[in-house]
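[1] 3D, please:
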Amino acid sequence: MNTDKIGFLDSGFGGITVLSEALRQLPQENYIYYADIEHVPYGTKTKDEVRKYVFQAVEFLVNQGIKALVVACNTATSIAVRELRGMYDFPILGMEPAVKPAVQNGNGKRVLVLATALTLREEKFHNLVQRVDQEHVVDYLPFPELVELAENMIFDYERVIPVIKNKLEGFNLDNYKTFVLGCTHFPIYRDAFKQALPPFIDIIDGSEGTIRYLKRLLEERQLISTNVDGGNVVFFDSGINIQNQERLKTFKWLISHC
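    The predicted model follows:
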């Protein structure tokens, strides 16, 4: 089997934010993007449900021929990535909320992590916070509304910004230095956050570091592509090649705007 592609997996549109970073850092590679539209969102499902959906998606991607996998979903990462690494011998990368750099760059001011409820409940997240948050400055907030907006293809900031402001009502933003976008759907709305928040608040996510690590692993294992005509992406919707033109148009638009 020809295994020259990098697989990306998410419950929907969110992983496009990570794929966009991959296309910037690794433009010579070819990609398969699996959006599990049938089961979106993952963040409101049980752990067993998410694990089952992720394993099904990964099996599909393996059968398509991949040399590496990015689980471009924080929720799926927290539930399944450890088991996946025990099942396959190619590089498997997951997403982790960028809590460590947020704390390191915060100068003692507070950090707010926005993610799905399931990610925030998981032991993996709490172990991360316990490891890096020595000054106890990290707060967190589930924000499923943004996933719903993205999956309903609502990208009009006039509708999105009021949702963000309403969600943060009651927070004293003067106490915060950094917001961590801990779900891959959320960077779709980075500019909306910039408009909704005071200018002194930094907004970060884990995409750049994840793809930088992917590039290093590919180089170490001599899997890096030398294609001169790379950058091709094939999209699948829960195992079906996406034919819906509106959805394809949205995927491609997001790639160019994230």
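[2] only C-alpha atoms from now on, for both contacts and neighbour counts.
    Noted.
[3] looking at the helix or strand encompassing F236 now, give me its mean pLDDT.
    For F236, the host element (DSSP states H and E) is strand 233-237. For strand 233-237, the mean pLDDT works out to 91.
[4] please, where are all the helices along this protein?
    Taking DSSP state H as the test, the helices found in the chain are 16-25, 47-64, 74-87, 99-104, 117-121, 123-132, 144-151, 157-167, 190-196, 207-220, 245-257.
[5] lowest average pLDDT across those helices?
    Minimum mean pLDDT among these: helix 245-257, a mean of 81.
[6] check which helices and strands it is in contact with.
    Counting contacts by 3 or more Cα pairs under 8 Å, 6 or more residues apart in numbering; DSSP states H and E, helix 245-257 packs against helix 16-25.
[7] then the helix it packs on to CSV, C-alphas only?
    Below are the C-alpha coordinates for helix 16-25, written out as CSV (Å, rounded to 0.1, in the frame of the first residue of the first chain):
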residue,chain,number,x,y,z
ILE,A,16,-8.8,22.4,9.7
THR,A,17,-7.0,25.0,11.9
VAL,A,18,-4.3,22.4,12.5
LEU,A,19,-4.2,21.2,8.9
SER,A,20,-3.7,24.8,7.8
GLU,A,21,-0.6,25.0,10.0
ALA,A,22,0.6,21.8,8.5
LEU,A,23,0.2,23.1,4.9
ARG,A,24,2.3,26.1,6.0
GLN,A,25,5.1,24.1,7.6
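[8] centre of the chain to it, how far?
    Relative to its chain's centre, helix 16-25 lies at 10 Å (Cα atoms, centre = their mean, to the nearest Å).
[9] ok, residues contacting that helix?
    Residues outside helix 16-25 that contact it (Cα atoms under 8 Å, 6 or more residues apart in numbering) are 8, 29, 72, 184-185, 187-188, 207-208, 211-212, 215, 231, 251, 254-256, 258.
[10] right, and the helices of the chain - which one's nearest E38?
    Checking the helices of the chain against E38 by Cα to Cα gives helix 47-64 as the closest, at 9.6 Å.
[11] which other helices and strands contact that closest one?
    strand 5-10, strand 30-35, helix 74-87.
[12] among these, which is nearest I161?
    helix 74-87 (23.0 Å).
[13] so what's the residue count around K45?
    15 (other Cα atoms under 10 Å).
[14] contact partners for it?
    L118.
[15] next one: V180
    V180 touches 97-99, 102, 111-114, 203-205, counting by Cα under 8 Å, 6+ apart.
[16] and the nearest residue to it once chain neighbours are set aside, how far is that from D202?
    Using Cα to Cα, 6 or more residues apart in numbering and skipping the chain neighbours, the partner closest in space to V180 is V113 (4.6 Å). V113 sits 12 Å away from D202, going by Cα to Cα, to the nearest Å.
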